[in-house]
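Visitor: the following block contains a protein sequence and its predicted model.
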Amino acid sequence: MLVLILEWSGTFTGIAGALLVASNTRHSAWGWVSFLISSSCIAGFAWLTQADGLLLLESCFILTNLLGLWRWLLKPYIGRRKGQQQ
């Protein structure tokens, strides 16, 4: 049962993430959050089903999703904070 939940949760959150990023709106950055959830779910699915290639792929996607979160959600706020302190 857990395997099915991870597989389908990963699938639907991945689709939602793609739609959010492709929408190119002010909400697009939330696509990275959705992608991170998706990759984590699919990585869990891959771990439980012993799909090593898929686990490696999703592990790399988790890293790129974290980079996307950094660039879209965190970096602009940190840049503003540094500018206010000077």
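Guide: Structure's in. What do you need?

Visitor: and the residue most central in space within the chain, helix, strand or coil?
Guide: Centroid-nearest residue in the chain, with C-alpha atoms, centre = their mean: Leu36, separated by 2.0 Å. Taken by DSSP: H, G, I helix; E, B strand; the rest coil, the conformation at Leu36 corresponds to helix.

Visitor: can I assume it is in contact with Leu69?
Guide: Yes - under the criterion of C-beta atoms under 8 Å, Leu36 makes contact with Leu69 at 6.7 Å. Placement of C-beta: from N, CA and C, glycine included.

Visitor: name the surrounding residues that touch the longest helix along the chain.
Guide: Ranked by residue count under DSSP state H, the longest helix found in the chain is helix 2-23. Contacts with helix 2-23, where a contact means C-beta atoms under 8 Å, 6 or more residues apart in numbering, come from 27-28, 30-35, 37-42, 44-45, 48-49.

Visitor: with just CA atoms, put the host helix or strand of Gly68 into CSV.
Guide: Element membership for Gly68 (DSSP states H and E) is helix 52-69. What follows is helix 52-69 as a C-alpha-only set of coordinates in CSV (Å, rounded to 0.1, in the frame of the first residue of the first chain):
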residue,chain,number,x,y,z
ASP,A,52,18.5,1.5,-8.1
GLY,A,53,18.6,3.5,-11.4
LEU,A,54,15.4,5.3,-10.5
LEU,A,55,16.7,6.0,-7.0
LEU,A,56,19.9,7.5,-8.4
LEU,A,57,17.9,9.7,-10.9
GLU,A,58,15.5,10.9,-8.2
SER,A,59,18.4,11.6,-5.8
CYS,A,60,19.9,13.9,-8.5
PHE,A,61,16.5,15.5,-9.0
ILE,A,62,16.3,16.2,-5.3
LEU,A,63,19.6,18.1,-5.5
THR,A,64,18.4,20.1,-8.5
ASN,A,65,15.1,20.8,-6.8
LEU,A,66,17.0,22.2,-3.8
LEU,A,67,19.0,24.4,-6.1
GLY,A,68,15.7,25.6,-7.7
LEU,A,69,14.3,26.4,-4.3
